[in-house]
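Asker: build me a structure from this.
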Amino acid sequence: MQAEIGVVGYRIKSVAPDGNLATSPDRDEYYPVYYTTERQYSGTVYGLDLFDGGVREEALKRARDRNELAASKVIVLHSGTGDRRGFFVLLPVYTKSMSHETVEERRHNIAGFVQGVFQLNAMIETILSSLRTPLDLNIFAPDSGPNAFPIYIHSSSLRTIPFNPEPLHFLTAGRHWSGTLEVSNLKWKLVATPISGGHATHVSAWLLLIAGFLATGVIVVLMWSSARHELHLIRTNQEMTELAQTDALTELPNRRALIDRLSISFAASRRSARQFALLYIDLDGFKDVNDTQGHLIGDVLLQQAAERLIGLVRSCDLVARLGGDEFAVLQTDTVDIAASGTLAERIVANLGKPYFVNGNEIYISASVGISDCSAQLEGPKEAMMQADLALYQAKEDGRNCFRFQSKEFNQQVRDRVKIGDELRIAITRGELELYYQPQVEIVSGQIVGLEALVRWNNPKRGFIMPSLFIPIAEKTGNIIALGKWVFEEACRQTKIWENEGIAPQSIAVNLSAIQCKRSELDRDIAESIEQYGINPGRMEIELTESVLMEVTQEQRDLVERLRALGLTIAIDDFGTGYSSLNYLATYPVDRLKIAQELVFRVTTDPRHATVVRTAIRLAQELGIEIIAEGVETAGQALFLVSAGCRYAQGYYFSRPVSVKRATELLRQKKISPINQSEKTKSLTAA
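Answerer: I've put the predicted structure just below:
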């Protein structure tokens, strides 16, 4: 036990048969005794033994379930100098602002108990020590039967010989006075008998009855004193609760406080059918402000946004900060849903106005999701989920707007969640497969590489488009397992083609920003390459400009680390991202892939043609290989060759194909597009 708690010289002690404390022998478990630390109020310290056969538990449950003062049965108060008998009383305390009308609510919302412990001998002696009557007072426990002996005896101060305890039926068979002393729900039995040779008078009996009233009065006084102490504790607890329910930055209520207020609103709605609404607010573009301007400016912006929100709502409404750049408004007593829309419109307009922070003029926008709450909803959790879904819809629709929760959108979200769950299983069940799109030399049609593209053949839904399940995988985190599987499967298939002697020069695999941010990325890639023993230079990693921009702010050495593994690097969708020229100058990449959005219009839009020609010349000047994506027509292919681009991929040459078909194409080594014979002369001449 000493090693477990780490206190030198510490030993557990038990009450020995002689009443003294002795070191306890080693046991599998111990039942502790509660002791007070307030020695200034008691010369001797007594404790409650938890191993009491359920006496304490029964009183706790009774006080909690009935919401009333409850007293325990007689208990033993342990002390090293001798045990005493007594009882304790309990008063339940429930969580602030939470309902405790029913037993279920009381059990769920109980916060604790106010407890007072009384020694019978000390209590009675204090009350009756000054009374001189020819009566002996016997106190019996509430559940005492005829043969029970008193738990406490106060012998008369006039007695000259010792008093021997007698059972209840013996004392009540002769001359006696009996009464009860009520403590909460328990009734203690009092029996007074005259001393031998003495005379009990009515006056003495009345004195004894008054003593009983005094005993009750002492208990009331002690409980009042305890209650005063509890009020102090409650006030302290309220201050701590307010701190725990307040956002430190904006001094708005936080998520916990919002949930508490929502619970109250739902309870009121069930009683009186009052309507209320919950608005979720997200600051669009706040992350960019934090990243570029710094957290100090971001904090000031959040404070200003909070002040604007407070100025837009009524005093009966609640504005809360949920965390980060998310806020919420609980709109109470809404006449109709249109009122929520009006408020949301004002929020979007006001939060979109410029912010002035330390001489900086900052612009952001806001998206708002609205849940129309009513008694039909289960509670705060469902209301918050619906508001969050509506906010998601607002972001999907372009941000800087508000949206109401709708059944149709809820169904779409549920479908996406279900697809996310099914995708997690699909990765392990073998429902996924890689398709490969050939990359070719435009003039000759020779295959120089393949791009690996994942496909999902769901047993119930059939083929699911990557444009649907890839974004879901990124939102749910499944992209980590999915991306790892794609790279490993590409390595496995590459090894098969190497063994057959038909492997292309490169196999391209896309990486998402989420994958690139993981510290385990290097290890996972290295393990896959080592597992299948392939040449790492054959594996090409494709990164979009947006991924590079997002990731390299945190991991500027990403490209260098990937190249250190022997991989080649390509910038995908070149020309559609941010700061393209900056990335070319900063990162040592091997290939540029011109985005299909630019290639698609090279024969119809002179501006697109100029951009593509410029990109090709730039790559040539930097010594970087270039390949065009999305080539679908002979005219596009002809333009690319004339502009100096040697390689391309797209439907003009081949759609993404299965492993079986890709193997056949690799054996052929070339691809012949439809009417290739007619186009070859033009392409060669160019």
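
Asker: can you tell me the centre-most residue of this structure?
Answerer: Computing the C-alpha centroid of the chain and ranking residues by Cα atoms, centre = their mean puts residue 255 first, at 11.1 Å.

Asker: look up how far residue 383 lies from the residue nearest to that residue when sequence neighbours are not counted.
Answerer: Of all residues beyond its chain neighbours, the one nearest residue 255 is residue 322 (5.0 Å), with distances taken as Cβ to Cβ, 6 or more residues apart in numbering. Using the backbone N, CA and C atoms, a C-beta is placed for each residue, glycine as well. Taking Cβ to Cβ, to the nearest Å as the measure, residue 322 falls 13 Å from residue 383.

Asker: tell me where the model's unsure across the stretch 451-600 of the chain.
Answerer: In the predicted model, the stretch 451-600 of the chain carries pLDDT under 70 at residues 551-556, 577-583.

Asker: if we use 80, what do you get?
Answerer: Within the stretch 451-600 of the chain, the stretches with pLDDT under 80 are 475, 545-546, 548-557, 575-587.

Asker: now the helices for it?
Answerer: For the stretch 451-600 of the chain, the helices defined by DSSP state H, counting those that start in this stretch occupy 466-476, 479-500, 513-516, 521-532, 545-552, 558-564, 580-586, 596-599.

Asker: mind checking these for the one nearest to residue 269?
Answerer: Proximity to residue 269, assessed across the helices of the stretch 451-600 of the chain by Cβ to Cβ, is greatest for helix 466-476 (32.3 Å).

Asker: check what pLDDT residue 436 gets.
Answerer: Listed pLDDT for residue 436 reads 96.

Asker: could you do the one 4 residues further on as well?
Answerer: In this prediction, residue 440 carries a pLDDT score of 96.

Asker: which strands or helices does the strand or helix carrying it pack on?
Answerer: Using DSSP states H and E, residue 440 maps to strand 432-441. In this structure, strand 432-441 makes packing contacts with strand 447-458, helix 479-500, strand 506-510, strand 647-648, helix 659-668, judged by 3 or more Cβ pairs under 8 Å, 6 or more residues apart in numbering; DSSP states H and E.

Asker: at 10 Å what do you get?
Answerer: Contact analysis of strand 432-441 by 3 or more Cβ pairs under 10 Å, 6 or more residues apart in numbering; DSSP states H and E lists strand 447-458, helix 479-500, strand 506-510, strand 625-628, strand 647-648, helix 659-668 as its packing neighbours.

Asker: give me the buried positions along the last one.
Answerer: The one in question is helix 659-668. Residues 662, 663, 665, 666 are the ones in helix 659-668 that count as buried (16 or more other Cβ atoms under 10 Å).

Asker: turn those residues into JSON lines, columns for pLDDT and distance to residue 460.
Answerer: Putting these into JSON lines (pLDDT from 0 to 100; distance: Cβ to Cβ, whole Å) gives the following:
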{"residue": "662", "pLDDT": "96", "distance to residue 460": "27"}
{"residue": "663", "pLDDT": "96", "distance to residue 460": "29"}
{"residue": "665", "pLDDT": "95", "distance to residue 460": "31"}
{"residue": "666", "pLDDT": "95", "distance to residue 460": "33"}
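
Asker: what's the farthest-apart pair in the residues you listed?
Answerer: Spatially, the most separated pair among the buried residues of helix 659-668 is 663 and 665, at 7.4 Å (Cβ to Cβ).

Asker: so residue 277, which of the three states?
Answerer: The three-state label given to residue 277 by DSSP: H, G, I helix; E, B strand; the rest coil is strand.

Asker: can you offset everything so residue one is 697?
Answerer: In the new numbering, first residue 697, that becomes residue 973.

Asker: what is the burial count for it?
Answerer: 28 (other Cβ atoms under 10 Å).

Asker: residue 1173 now?
Answerer: 12.

Asker: on the strand side of things, show who the residue lying closest to residue 1095 once chain neighbours are set aside bridges to.
Answerer: Leaving aside its sequence neighbours, residue 1095 sits nearest to residue 980 (Cβ to Cβ, 6+ apart; 4.5 Å). Note on residue 980: beta-bridge partners residue 1061, judged by DSSP bridges.

Asker: residue 980: what's it in contact with?
Answerer: Residue 980 makes contact with 1021, 1044, 1047-1048, 1060-1063, 1090-1091, 1094-1097, according to Cβ atoms under 10 Å, 6 or more residues apart in numbering.
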